[in-house]
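**Q** Quick one, what's the 3D model for this:
(chains A, B, C and D)
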2 protein chains.
Amino acid sequence: MHETVDTATALIDAARALFAEGGYRGASIRAITARAGANLGAVTYHFGSKERLYEAVAASMVEPLAAHVANLVTRPGSSTERTEALVTSVFDYLQEHPDLPRFMVQLLGSARPIPQAVQTALRRNHRAITELLAEGQADGSVRAEEPGLLALNIIAIPIWLTLVRRLLQQALGLDQDDREIRRAMIETAVRFIRAGLAPPSEGDA
Amino acid sequence: MHETVDTATALIDAARALFAEGGYRGASIRAITARAGANLGAVTYHFGSKERLYEAVAASMVEPLAAHVANLVTRPGSSTERTEALVTSVFDYLQEHPDLPRFMVQLLGSARPIPQAVQTALRRNHRAITELLAEGQADGSVRAEEPGLLALNIIAIPIWLTLVRRLLQQALGLDQDDREIRRAMIETAVRFIRAGLAPPSEGDA
DNA sequence: ATCATTATCATACATACGTTCGAATTCCTA
DNA sequence: TAGGAATTCGAACGTATGTATGATAATGAT
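**A** Numbering: from 1, shown residues only, chains lettered A, B, ... in the order given. Predicted structure coming up:
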(Lines give C-alpha, C1' and ligand atoms only; values in the text may rest on other atoms or scores of the structure.)
Protein backbone atom coordinates (compact mmCIF):
# COMPACT_ATOMS: atom_id res chain seq x y z
CA MET A 1 0.00 0.00 0.00
CA HIS A 2 1.10 3.59 0.57
CA GLU A 3 0.49 4.75 -2.97
CA THR A 4 0.14 8.39 -3.89
CA VAL A 5 -3.59 7.91 -3.60
CA ASP A 6 -5.10 4.76 -2.22
CA THR A 7 -6.42 2.68 -5.08
CA ALA A 8 -9.43 1.39 -3.18
CA THR A 9 -10.45 4.95 -2.31
CA ALA A 10 -9.95 6.09 -5.88
CA LEU A 11 -12.19 3.25 -7.02
CA ILE A 12 -14.93 4.25 -4.58
CA ASP A 13 -14.75 7.87 -5.71
CA ALA A 14 -14.92 6.96 -9.36
CA ALA A 15 -17.68 4.44 -8.79
CA ARG A 16 -19.73 6.91 -6.79
CA ALA A 17 -19.90 9.28 -9.73
CA LEU A 18 -20.55 6.57 -12.27
CA PHE A 19 -23.15 4.67 -10.24
CA ALA A 20 -24.95 7.96 -9.64
CA GLU A 21 -24.91 8.65 -13.35
CA GLY A 22 -25.98 5.33 -14.76
CA GLY A 23 -26.91 3.03 -11.93
CA TYR A 24 -25.40 -0.33 -11.20
CA ARG A 25 -25.72 -1.65 -14.71
CA GLY A 26 -24.73 1.61 -16.34
CA ALA A 27 -21.35 1.80 -14.65
CA SER A 28 -19.00 -0.80 -16.07
CA ILE A 29 -15.93 -2.00 -14.23
CA ARG A 30 -13.93 -0.85 -17.20
CA ALA A 31 -15.29 2.69 -16.91
CA ILE A 32 -14.77 2.75 -13.15
CA THR A 33 -11.19 1.53 -13.23
CA ALA A 34 -10.36 3.83 -16.12
CA ARG A 35 -11.72 6.84 -14.26
CA ALA A 36 -9.84 5.83 -11.12
CA GLY A 37 -6.64 5.40 -13.10
CA ALA A 38 -6.49 1.79 -12.00
CA ASN A 39 -6.15 -1.52 -13.74
CA LEU A 40 -9.16 -3.50 -14.94
CA GLY A 41 -8.56 -6.15 -12.31
CA ALA A 42 -8.43 -3.66 -9.45
CA VAL A 43 -12.09 -3.97 -8.46
CA THR A 44 -11.91 -7.73 -8.20
CA TYR A 45 -8.68 -7.52 -6.25
CA HIS A 46 -9.71 -4.85 -3.74
CA PHE A 47 -13.42 -5.60 -3.33
CA GLY A 48 -13.89 -9.11 -4.62
CA SER A 49 -16.69 -8.15 -7.00
CA LYS A 50 -18.60 -5.23 -8.47
CA GLU A 51 -21.44 -6.01 -6.08
CA ARG A 52 -19.26 -5.45 -3.01
CA LEU A 53 -17.84 -2.26 -4.47
CA TYR A 54 -21.41 -1.06 -4.85
CA GLU A 55 -22.09 -1.70 -1.19
CA ALA A 56 -18.98 0.21 -0.20
CA VAL A 57 -20.05 3.14 -2.35
CA ALA A 58 -23.53 3.11 -0.85
CA ALA A 59 -22.08 3.24 2.64
CA SER A 60 -19.80 6.13 1.69
CA MET A 61 -22.84 8.10 0.57
CA VAL A 62 -25.44 7.53 3.26
CA GLU A 63 -23.26 7.48 6.34
CA PRO A 64 -22.19 11.14 6.11
CA LEU A 65 -25.82 12.05 5.47
CA ALA A 66 -26.98 10.23 8.57
CA ALA A 67 -24.28 11.94 10.60
CA HIS A 68 -25.36 15.29 9.19
CA VAL A 69 -28.99 14.74 10.14
CA ALA A 70 -28.09 13.47 13.59
CA ASN A 71 -26.00 16.57 14.14
CA LEU A 72 -28.77 18.90 13.01
CA VAL A 73 -31.43 17.34 15.17
CA THR A 74 -29.45 17.61 18.37
CA ARG A 75 -28.62 21.29 17.96
CA PRO A 76 -30.12 23.77 20.44
CA GLY A 77 -33.43 25.44 19.66
CA SER A 78 -37.11 24.68 19.79
CA SER A 79 -38.55 21.67 18.03
CA THR A 80 -40.11 23.93 15.43
CA GLU A 81 -36.87 25.76 14.75
CA ARG A 82 -34.93 22.55 14.37
CA THR A 83 -37.56 21.02 12.12
CA GLU A 84 -37.48 23.96 9.77
CA ALA A 85 -33.69 24.05 9.85
CA LEU A 86 -33.74 20.35 9.00
CA VAL A 87 -35.92 20.88 5.94
CA THR A 88 -33.83 23.68 4.47
CA SER A 89 -30.69 21.82 5.38
CA VAL A 90 -31.80 18.70 3.54
CA PHE A 91 -32.49 20.85 0.49
CA ASP A 92 -28.98 22.28 0.77
CA TYR A 93 -27.29 18.99 1.49
CA LEU A 94 -28.79 17.35 -1.56
CA GLN A 95 -27.81 20.36 -3.64
CA GLU A 96 -24.22 20.23 -2.41
CA HIS A 97 -23.93 16.47 -2.88
CA PRO A 98 -25.66 15.98 -6.22
CA ASP A 99 -24.43 12.41 -6.53
CA LEU A 100 -26.51 11.42 -3.53
CA PRO A 101 -30.01 11.98 -4.90
CA ARG A 102 -28.98 10.48 -8.20
CA PHE A 103 -27.59 7.45 -6.44
CA MET A 104 -30.74 7.16 -4.36
CA VAL A 105 -33.04 7.18 -7.31
CA GLN A 106 -30.93 4.54 -9.00
CA LEU A 107 -31.16 2.49 -5.85
CA LEU A 108 -34.92 2.90 -5.64
CA GLY A 109 -35.27 1.70 -9.19
CA SER A 110 -33.02 -1.28 -9.02
CA ALA A 111 -34.37 -4.66 -8.03
CA ARG A 112 -31.14 -5.48 -6.26
CA PRO A 113 -31.09 -5.90 -2.46
CA ILE A 114 -30.85 -2.68 -0.49
CA PRO A 115 -27.37 -2.45 1.08
CA GLN A 116 -27.31 -2.81 4.84
CA ALA A 117 -25.63 0.57 5.25
CA VAL A 118 -28.53 2.23 3.47
CA GLN A 119 -31.11 0.52 5.64
CA THR A 120 -29.24 1.47 8.79
CA ALA A 121 -28.85 5.10 7.76
CA LEU A 122 -32.50 5.36 6.82
CA ARG A 123 -33.53 3.94 10.17
CA ARG A 124 -31.29 6.39 12.02
CA ASN A 125 -32.63 9.35 10.10
CA HIS A 126 -36.23 8.33 10.46
CA ARG A 127 -35.81 7.76 14.18
CA ALA A 128 -34.11 11.14 14.66
CA ILE A 129 -36.83 13.07 12.86
CA THR A 130 -39.58 11.11 14.56
CA GLU A 131 -38.14 11.98 17.98
CA LEU A 132 -37.85 15.61 16.98
CA LEU A 133 -41.54 15.67 16.12
CA ALA A 134 -42.52 13.77 19.24
CA GLU A 135 -40.72 16.42 21.22
CA GLY A 136 -42.77 19.05 19.45
CA GLN A 137 -45.94 17.17 20.29
CA ALA A 138 -44.91 17.10 23.93
CA ASP A 139 -44.64 20.88 24.06
CA GLY A 140 -47.77 21.40 21.99
CA SER A 141 -46.12 22.85 18.89
CA VAL A 142 -46.89 19.86 16.64
CA ARG A 143 -50.30 18.41 15.83
CA ALA A 144 -51.26 15.05 17.29
CA GLU A 145 -50.47 12.46 14.62
CA GLU A 146 -48.33 9.38 14.43
CA PRO A 147 -44.93 11.15 14.40
CA GLY A 148 -43.26 8.43 12.34
CA LEU A 149 -45.74 9.02 9.53
CA LEU A 150 -45.45 12.78 9.85
CA ALA A 151 -41.69 12.42 9.47
CA LEU A 152 -42.17 10.66 6.14
CA ASN A 153 -44.50 13.40 4.90
CA ILE A 154 -42.05 16.12 5.82
CA ILE A 155 -39.00 14.57 4.34
CA ALA A 156 -40.80 13.63 1.14
CA ILE A 157 -40.89 17.22 0.01
CA PRO A 158 -37.21 18.22 -0.12
CA ILE A 159 -36.23 14.82 -1.43
CA TRP A 160 -38.85 14.67 -4.13
CA LEU A 161 -38.30 18.22 -5.31
CA THR A 162 -34.62 17.44 -5.63
CA LEU A 163 -35.12 14.15 -7.44
CA VAL A 164 -37.36 15.65 -10.08
CA ARG A 165 -35.09 18.62 -10.65
CA ARG A 166 -34.32 17.62 -14.22
CA LEU A 167 -37.95 16.78 -14.93
CA LEU A 168 -39.19 20.12 -13.61
CA GLN A 169 -36.60 21.96 -15.60
CA GLN A 170 -37.31 20.24 -18.88
CA ALA A 171 -41.07 19.91 -18.63
CA LEU A 172 -42.08 23.00 -16.64
CA GLY A 173 -39.14 25.30 -17.19
CA LEU A 174 -38.74 25.50 -13.42
CA ASP A 175 -35.00 25.86 -13.04
CA GLN A 176 -33.53 25.22 -9.60
CA ASP A 177 -30.19 26.55 -10.76
CA ASP A 178 -31.82 29.97 -10.67
CA ARG A 179 -31.13 31.14 -7.12
CA GLU A 180 -34.32 33.18 -6.92
CA ILE A 181 -36.54 30.34 -8.06
CA ARG A 182 -34.83 27.92 -5.76
CA ARG A 183 -35.24 30.26 -2.80
CA ALA A 184 -38.96 30.64 -3.49
CA MET A 185 -39.33 26.88 -3.75
CA ILE A 186 -37.61 26.22 -0.45
CA GLU A 187 -39.47 28.93 1.38
CA THR A 188 -42.80 27.74 0.06
CA ALA A 189 -41.94 24.23 1.17
CA VAL A 190 -40.96 25.37 4.64
CA ARG A 191 -44.18 27.34 5.07
CA PHE A 192 -46.21 24.42 3.77
CA ILE A 193 -44.57 22.05 6.23
CA ARG A 194 -44.88 24.52 9.10
CA ALA A 195 -48.59 24.82 8.46
CA GLY A 196 -48.92 21.08 8.01
CA LEU A 197 -47.40 20.43 11.42
CA ALA A 198 -48.99 23.21 13.43
CA PRO A 199 -51.87 22.23 15.71
CA PRO A 200 -55.31 23.63 14.79
CA SER A 201 -55.82 26.99 16.45
CA GLU A 202 -59.62 27.11 16.73
CA GLY A 203 -61.93 25.82 14.03
CA ASP A 204 -61.54 22.29 12.67
CA ALA A 205 -62.58 20.79 9.36
CA MET B 1 -51.96 -7.88 -39.33
CA HIS B 2 -55.04 -9.35 -37.62
CA GLU B 3 -53.14 -11.81 -35.42
CA THR B 4 -54.71 -13.40 -32.38
CA VAL B 5 -53.06 -10.64 -30.41
CA ASP B 6 -51.40 -7.69 -32.08
CA THR B 7 -47.66 -8.19 -31.90
CA ALA B 8 -46.89 -4.52 -31.42
CA THR B 9 -49.30 -4.36 -28.49
CA ALA B 10 -47.87 -7.52 -26.99
CA LEU B 11 -44.41 -5.97 -27.23
CA ILE B 12 -45.53 -2.82 -25.44
CA ASP B 13 -47.17 -4.83 -22.68
CA ALA B 14 -44.12 -7.00 -22.18
CA ALA B 15 -41.78 -4.03 -22.35
CA ARG B 16 -43.83 -2.07 -19.84
CA ALA B 17 -43.34 -4.73 -17.21
CA LEU B 18 -39.68 -5.26 -17.97
CA PHE B 19 -38.76 -1.59 -18.24
CA ALA B 20 -40.49 -1.00 -14.91
CA GLU B 21 -38.52 -3.83 -13.38
CA GLY B 22 -35.05 -3.12 -14.64
CA GLY B 23 -35.05 0.16 -16.49
CA TYR B 24 -34.01 0.72 -20.06
CA ARG B 25 -30.74 -1.12 -19.80
CA GLY B 26 -32.16 -3.87 -17.63
CA ALA B 27 -34.77 -4.94 -20.16
CA SER B 28 -33.16 -6.65 -23.12
CA ILE B 29 -34.84 -6.98 -26.47
CA ARG B 30 -34.40 -10.70 -26.10
CA ALA B 31 -36.31 -10.71 -22.81
CA ILE B 32 -39.02 -8.43 -24.17
CA THR B 33 -39.63 -10.43 -27.32
CA ALA B 34 -39.53 -13.71 -25.41
CA ARG B 35 -42.13 -12.46 -22.94
CA ALA B 36 -44.29 -11.17 -25.76
CA GLY B 37 -44.02 -14.48 -27.57
CA ALA B 38 -42.50 -12.69 -30.55
CA ASN B 39 -39.40 -13.09 -32.62
CA LEU B 40 -36.14 -11.38 -31.73
CA GLY B 41 -36.41 -9.09 -34.73
CA ALA B 42 -39.93 -7.97 -33.87
CA VAL B 43 -38.93 -4.83 -31.99
CA THR B 44 -36.80 -3.58 -34.84
CA TYR B 45 -39.52 -4.40 -37.34
CA HIS B 46 -42.45 -2.79 -35.50
CA PHE B 47 -40.74 0.12 -33.75
CA GLY B 48 -37.45 0.61 -35.55
CA SER B 49 -35.37 0.49 -32.40
CA LYS B 50 -35.46 -0.22 -28.68
CA GLU B 51 -35.39 3.52 -28.07
CA ARG B 52 -38.64 4.08 -29.95
CA LEU B 53 -40.29 1.15 -28.21
CA TYR B 54 -39.34 2.82 -24.94
CA GLU B 55 -41.05 6.03 -26.00
CA ALA B 56 -44.19 4.12 -26.95
CA VAL B 57 -44.20 2.41 -23.57
CA ALA B 58 -43.74 5.71 -21.76
CA ALA B 59 -46.71 7.18 -23.60
CA SER B 60 -48.84 4.16 -22.77
CA MET B 61 -48.12 4.73 -19.09
CA VAL B 62 -48.45 8.47 -18.58
CA GLU B 63 -51.32 9.26 -20.90
CA PRO B 64 -53.93 7.29 -18.95
CA LEU B 65 -52.62 8.89 -15.77
CA ALA B 66 -52.99 12.37 -17.19
CA ALA B 67 -56.52 11.54 -18.31
CA HIS B 68 -57.30 10.22 -14.84
CA VAL B 69 -56.08 13.39 -13.15
CA ALA B 70 -57.88 15.63 -15.61
CA ASN B 71 -61.07 13.74 -14.94
CA LEU B 72 -60.68 14.02 -11.18
CA VAL B 73 -60.00 17.70 -11.17
CA THR B 74 -63.07 18.61 -13.18
CA ARG B 75 -65.48 16.67 -11.02
CA PRO B 76 -68.08 18.61 -9.01
CA GLY B 77 -67.30 19.69 -5.45
CA SER B 78 -65.38 22.36 -3.63
CA SER B 79 -61.72 22.95 -4.32
CA THR B 80 -60.83 21.43 -0.97
CA GLU B 81 -62.90 18.32 -1.59
CA ARG B 82 -61.40 17.81 -5.01
CA THR B 83 -57.88 18.36 -3.74
CA GLU B 84 -58.26 15.76 -1.04
CA ALA B 85 -59.93 13.37 -3.45
CA LEU B 86 -56.99 13.92 -5.79
CA VAL B 87 -54.45 13.00 -3.13
CA THR B 88 -56.14 9.79 -2.08
CA SER B 89 -56.82 8.98 -5.70
CA VAL B 90 -53.17 9.34 -6.65
CA PHE B 91 -52.28 6.97 -3.83
CA ASP B 92 -54.81 4.50 -5.18
CA TYR B 93 -53.87 4.91 -8.81
CA LEU B 94 -50.21 4.24 -8.11
CA GLN B 95 -51.18 1.24 -6.03
CA GLU B 96 -53.37 -0.16 -8.80
CA HIS B 97 -50.77 0.47 -11.50
CA PRO B 98 -47.58 -0.63 -9.76
CA ASP B 99 -45.60 -0.54 -12.99
CA LEU B 100 -46.07 3.21 -13.21
CA PRO B 101 -44.11 4.33 -10.14
CA ARG B 102 -41.41 1.81 -10.92
CA PHE B 103 -41.18 3.08 -14.46
CA MET B 104 -41.06 6.65 -13.22
CA VAL B 105 -38.22 6.03 -10.86
CA GLN B 106 -36.30 4.31 -13.61
CA LEU B 107 -36.94 7.30 -15.81
CA LEU B 108 -35.80 9.73 -13.13
CA GLY B 109 -32.60 7.82 -12.71
CA SER B 110 -31.69 7.42 -16.33
CA ALA B 111 -29.64 10.01 -18.12
CA ARG B 112 -31.61 9.43 -21.32
CA PRO B 113 -33.82 12.18 -22.74
CA ILE B 114 -37.26 12.44 -21.19
CA PRO B 115 -39.86 11.23 -23.73
CA GLN B 116 -42.10 13.95 -25.11
CA ALA B 117 -45.21 12.12 -23.93
CA VAL B 118 -43.94 12.23 -20.36
CA GLN B 119 -43.20 15.93 -20.52
CA THR B 120 -46.60 16.66 -21.96
CA ALA B 121 -48.43 14.58 -19.37
CA LEU B 122 -46.48 16.17 -16.55
CA ARG B 123 -47.33 19.63 -17.84
CA ARG B 124 -51.02 18.75 -18.09
CA ASN B 125 -51.11 17.36 -14.58
CA HIS B 126 -49.23 20.24 -13.07
CA ARG B 127 -51.44 22.73 -14.79
CA ALA B 128 -54.60 20.97 -13.66
CA ILE B 129 -53.55 20.85 -10.02
CA THR B 130 -52.29 24.41 -10.10
CA GLU B 131 -55.63 25.62 -11.39
CA LEU B 132 -57.44 23.62 -8.75
CA LEU B 133 -55.42 25.36 -6.05
CA ALA B 134 -55.82 28.78 -7.64
CA GLU B 135 -59.55 28.20 -7.53
CA GLY B 136 -59.24 27.46 -3.81
CA GLN B 137 -57.29 30.66 -3.34
CA ALA B 138 -60.01 32.59 -5.08
CA ASP B 139 -62.65 31.35 -2.63
CA GLY B 140 -60.33 31.73 0.37
CA SER B 141 -59.93 28.04 1.19
CA VAL B 142 -56.25 27.88 0.23
CA ARG B 143 -53.40 29.93 1.65
CA ALA B 144 -51.79 32.61 -0.49
CA GLU B 145 -48.74 31.00 -2.09
CA GLU B 146 -47.50 30.44 -5.59
CA PRO B 147 -50.03 27.71 -6.55
CA GLY B 148 -47.62 26.03 -8.96
CA LEU B 149 -45.16 25.45 -6.13
CA LEU B 150 -47.90 24.32 -3.77
CA ALA B 151 -48.95 21.77 -6.35
CA LEU B 152 -45.47 20.27 -6.32
CA ASN B 153 -45.46 20.04 -2.53
CA ILE B 154 -48.80 18.30 -2.47
CA ILE B 155 -48.08 15.78 -5.13
CA ALA B 156 -44.67 14.97 -3.70
CA ILE B 157 -46.21 13.13 -0.78
CA PRO B 158 -48.27 10.39 -2.42
CA ILE B 159 -45.64 9.86 -5.09
CA TRP B 160 -42.71 9.69 -2.73
CA LEU B 161 -44.44 7.42 -0.25
CA THR B 162 -45.24 5.08 -3.10
CA LEU B 163 -41.76 5.13 -4.58
CA VAL B 164 -40.08 4.23 -1.30
CA ARG B 165 -42.53 1.47 -0.54
CA ARG B 166 -39.89 -1.24 -0.71
CA LEU B 167 -37.41 0.86 1.26
CA LEU B 168 -39.90 1.55 4.02
CA GLN B 169 -40.85 -2.06 4.21
CA GLN B 170 -37.32 -3.39 4.39
CA ALA B 171 -35.73 -0.69 6.54
CA LEU B 172 -38.58 0.40 8.81
CA GLY B 173 -40.92 -2.57 8.66
CA LEU B 174 -43.66 -0.24 7.47
CA ASP B 175 -45.67 -2.47 5.19
CA GLN B 176 -48.10 -0.79 2.80
CA ASP B 177 -49.55 -4.16 1.91
CA ASP B 178 -51.14 -4.09 5.34
CA ARG B 179 -54.48 -2.38 4.74
CA GLU B 180 -54.60 -0.83 8.18
CA ILE B 181 -51.13 0.65 7.94
CA ARG B 182 -51.80 1.93 4.47
CA ARG B 183 -55.06 3.54 5.54
CA ALA B 184 -53.32 5.32 8.42
CA MET B 185 -50.58 6.54 6.09
CA ILE B 186 -53.01 7.96 3.54
CA GLU B 187 -55.19 9.61 6.16
CA THR B 188 -52.21 11.18 7.84
CA ALA B 189 -51.00 12.49 4.50
CA VAL B 190 -54.41 13.95 3.68
CA ARG B 191 -54.64 15.71 7.03
CA PHE B 192 -51.09 16.99 6.66
CA ILE B 193 -51.83 18.39 3.24
CA ARG B 194 -55.16 19.85 4.36
CA ALA B 195 -53.42 21.70 7.17
CA GLY B 196 -50.59 22.74 4.87
CA LEU B 197 -53.03 24.35 2.46
CA ALA B 198 -55.46 25.95 4.86
CA PRO B 199 -55.15 29.69 5.39
CA PRO B 200 -54.02 30.82 8.86
CA SER B 201 -57.03 31.32 11.12
CA GLU B 202 -55.70 33.83 13.61
CA GLY B 203 -52.17 33.76 15.03
CA ASP B 204 -49.18 33.63 12.73
CA ALA B 205 -45.65 32.36 13.38
C1' DA C 1 20.29 -7.95 0.69
C1' DT C 2 16.79 -11.48 0.74
C1' DC C 3 12.42 -13.16 0.55
C1' DA C 4 7.54 -13.51 1.24
C1' DT C 5 3.67 -10.55 0.82
C1' DT C 6 1.03 -7.25 -1.51
C1' DA C 7 -0.33 -4.90 -5.46
C1' DT C 8 -0.58 -4.00 -10.44
C1' DC C 9 -0.81 -5.34 -15.04
C1' DA C 10 -2.12 -7.36 -19.77
C1' DT C 11 -4.67 -10.83 -21.57
C1' DA C 12 -8.24 -14.31 -22.22
C1' DC C 13 -12.82 -16.33 -21.50
C1' DA C 14 -17.63 -17.01 -21.80
C1' DT C 15 -21.74 -14.61 -22.08
C1' DA C 16 -25.05 -11.03 -23.34
C1' DC C 17 -26.33 -7.13 -25.93
C1' DG C 18 -28.81 -4.27 -30.16
C1' DT C 19 -29.13 -4.55 -34.74
C1' DT C 20 -28.98 -6.41 -39.56
C1' DC C 21 -30.08 -9.63 -43.18
C1' DG C 22 -32.28 -12.73 -46.37
C1' DA C 23 -35.20 -16.50 -46.59
C1' DA C 24 -39.60 -18.46 -45.25
C1' DT C 25 -44.21 -17.81 -44.11
C1' DT C 26 -48.66 -15.66 -43.56
C1' DC C 27 -52.05 -12.43 -44.91
C1' DC C 28 -55.08 -9.55 -47.77
C1' DT C 29 -56.53 -8.26 -52.34
C1' DA C 30 -57.73 -8.72 -57.14
C1' DT D 1 -56.82 -18.95 -56.77
C1' DA D 2 -52.80 -16.37 -58.07
C1' DG D 3 -49.71 -12.45 -56.77
C1' DG D 4 -47.81 -9.02 -53.91
C1' DA D 5 -47.34 -7.00 -49.56
C1' DA D 6 -46.79 -7.58 -44.66
C1' DT D 7 -44.93 -10.20 -41.14
C1' DT D 8 -42.21 -13.71 -38.89
C1' DC D 9 -38.24 -16.33 -38.48
C1' DG D 10 -33.40 -18.07 -37.54
C1' DA D 11 -28.82 -16.92 -37.86
C1' DA D 12 -25.04 -13.87 -37.85
C1' DC D 13 -22.40 -9.41 -36.96
C1' DG D 14 -19.61 -6.55 -33.94
C1' DT D 15 -19.26 -4.85 -29.46
C1' DA D 16 -19.40 -4.74 -24.43
C1' DT D 17 -19.74 -6.96 -20.08
C1' DG D 18 -17.83 -9.30 -15.25
C1' DT D 19 -14.54 -12.28 -13.89
C1' DA D 20 -10.33 -15.39 -13.87
C1' DT D 21 -5.50 -16.12 -14.57
C1' DG D 22 -0.71 -15.92 -14.45
C1' DA D 23 3.20 -12.97 -15.01
C1' DT D 24 5.49 -8.77 -13.35
C1' DA D 25 6.53 -5.15 -10.20
C1' DA D 26 6.67 -2.84 -5.79
C1' DT D 27 6.82 -3.17 -0.71
C1' DG D 28 8.28 -4.13 4.07
C1' DA D 29 10.27 -7.11 7.60
C1' DT D 30 14.33 -9.83 8.75
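**Q** From here on, just use CA atoms for contacts and neighbour counts.
**A** Fine.
**Q** what about the one helix or strand residue A:89 maps to, average pLDDT?
**A** Element membership for residue A:89 (DSSP states H and E) is helix A:79-96. Helix A:79-96 comes out with an average pLDDT of 97.
**Q** State which one residue of chain A is found closest to chain B.
**A** Here chain A gets closest to chain B at one residue, residue A:196, 3.9 Å apart by Cα to the nearest Cα.
**Q** what packs against the helix holding residue A:89?
**A** helix A:50-73, helix A:116-138, helix A:147-163, helix A:179-197 (3 or more Cα pairs under 8 Å, 6 or more residues apart in numbering or on different chains; DSSP states H and E).
**Q** How about the helix or strand following the shortest one, which residues are buried there?
**A** By that I understand helix A:147-163. Sequence order places helix A:165-167 as the next helix or strand after helix A:147-163, per DSSP H and E. Neighbour-count burial for helix A:165-167 flags A:166, A:167 (criterion: 16 or more other Cα atoms under 10 Å in any protein chain shown).
**Q** again with stretch A:20-34
**A** Applying 16+ other Cα under 10 Å to stretch A:20-34 flags A:20, A:21, A:22, A:23, A:24, A:26, A:27, A:28, A:29, A:32, A:33 as buried.
**Q** hmm, it touching DNA strand D?
**A** Yes: applying Cα under 7 Å from any atom of the strand, one finds stretch A:20-34 touching DNA strand D at A:25, A:27, A:28, A:29, A:30, A:31.
**Q** nearest to DNA strand C, of the residues you listed?
**A** Among the residues of stretch A:20-34 next to DNA strand D, residue A:30 lies closest to DNA strand C (Cα to the nearest atom of the strand), at 9.5 Å.
**Q** What score does that closest one have for pLDDT?
**A** 97.
**Q** Name the helix or strand for it, please.
**A** Per DSSP H and E: helix A:29-36 holds residue A:30.
**Q** just checking, what packs against that helix?
**A** Using 3+ Cα pairs under 8 Å, 6+ apart, helix A:29-36 sits against helix A:7-26, helix A:42-47.
**Q** Next, the angle from the first one to helix A:50-73.
**A** When you say that, I think you mean helix A:7-26. Orientation check (axes from the mean of the first three to the mean of the last three Cα atoms, to 10 degrees): helix A:7-26 against helix A:50-73 gives 100 degrees.
**Q** one step back: the residue of chain A closest to chain B and residue B:36, how far apart?
**A** Separation of residue A:196 from residue B:36 (Cα to Cα, to the nearest Å) stands at 47 Å.
**Q** and if you look at residue A:54?
**A** Counting by Cα to Cα, the gap from residue A:54 to residue B:36 is 33 Å.
**Q** swap in residue A:98?
**A** From residue A:98 to residue B:36 the distance is 38 Å (Cα to Cα).
**Q** So for those two, which residue has more residues nearby?
**A** The neighbour comparison of residue A:98 against residue B:36 (other Cα atoms under 10 Å in any protein chain shown) goes to residue B:36, with 20 against 15.
**Q** Do I have it right that the more buried one meets residue B:10?
**A** Yes: contact criterion Cα atoms under 8 Å: residue B:36 and residue B:10 qualify, at 5.3 Å.
**Q** Stretch A:111-122: end-to-end distance?
**A** 18 Å.
**Q** What about contact with chain B: does that stretch have any residue there?
**A** Yes: with Cα under 8 Å from any Cα of the partner chain as the criterion, chain B is reached by stretch A:111-122 at A:111, A:114, A:119, A:120, A:122.
**Q** show me what contacts the third one?
**A** Yep, that's residue A:119 we're talking about. Under the criterion of Cα atoms under 8 Å, 6 or more residues apart in numbering or on different chains, the contact list for residue A:119 reads B:167, B:170, B:171.
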